[in-house]
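[1] got a predicted structure plus its sequence, pasted below:
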Amino acid sequence: MKAATVHEIKEALQALPPGKLVDITLRLAKFKKENKELLSYLLFESEETDRYVGELKLEMEAEFATMNVSHVYFAKKTLRKILRNVNKQARYIGNKESETALLLHYLRLLKDSGLPVQKTPVLMNLYLTQLKKTKKLIESLHEDLQYEYLRLWKKLAA
């Protein structure tokens, strides 16, 4: 079966009565965890994005604090898990400024973690890839924001 286009889905949803729309939304939320997370963000958190980003940063700090650093393999697994969560939340927010702030915070935490990033190729590649991604995001922002974020980025790139 072929999935409908976004345009077709939009037209069909607009034609539905509100009660039916609620039923479909609830069924979608029950179907997959990501759908429920996105719906929760849109309903409860989207109005206060700055507060939500702050909460995500605190959550990231807690995950870094509990990271197993006894072996680079375990640290790498945790770092990738944290990064997956950051990217997922950034996709939910849909705002490049917030995504930039989250990635810069991730990079700062990684640099301050005490892990041998410079000596481990896997960690170095992870760090450099996120550094490049952040640089691209910064370049797509407004000039005033670019200046502030570039300052932070240069500290992390040094």
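    Now that the structure is in, tell me what you want to look at.

[2] in contact with Thr49, which residues?
    93, 95, 98 (Cβ atoms under 8 Å, 6 or more residues apart in numbering). Where C-beta positions appear, they are placed from N, C-alpha and C, glycine not excepted.

[3] for the first one, grab the count of nearby residues.
    Ile93: 20 surrounding residues under other Cβ atoms under 10 Å.

[4] can we start the residue count at 54 from this point?
    All right, first residue 54 from here; so that's Ile146.

[5] quick check: closest non-adjacent residue to it.
    Excluding the flanking residues, the one nearest Ile146 by Cβ to Cβ, 6 or more residues apart in numbering is Thr102, at 6.2 Å.

[6] before we move on, what about the last one?
    Nearest residue to Ser151 in three dimensions, chain neighbours excluded: Val106, at 5.1 Å (Cβ to Cβ, 6+ apart).

[7] separation between that neighbour and Gly167?
    25 Å (Cβ to Cβ, to the nearest Å).

[8] check Lys185 too.
    Taking Cβ to Cβ, one finds Lys185 at 23 Å from Gly167.

[9] out of the two, which sits in the more crowded spot?
    When neighbours are counted by other Cβ under 10 Å, Lys185 comes out ahead of the other of Lys185 and Gly167, with 11 against 8.

[10] host element of the more buried one?
    helix 174-192 (DSSP states H and E).

[11] same question, Asp76
    Per DSSP H and E: helix 71-84 holds Asp76.

[12] residues of that helix that come out buried?
    Ala82 (16 or more other Cβ atoms under 10 Å).

[13] again with stretch 187-206
    Neighbour count says stretch 187-206 has 187, 190-191, 194, 199, 202, 205-206 buried, by 16+ other Cβ under 10 Å.

[14] and the residue nearest to Ser151, how many neighbours?
    21.

[15] okay but it is in contact with Glu150, surely?
    No: taking contacts as Cβ atoms under 8 Å, Val106 lies outside contact range of Glu150: 9.1 Å.

[16] quick one on the thing from earlier: OK, contacts around the residue nearest to Ser151?
    146, 151, 154-155.

[17] could you flag which of those residues are buried?
    Buried, going by 16+ other Cβ under 10 Å: 146, 151, 154-155, out of the contacts of Val106.
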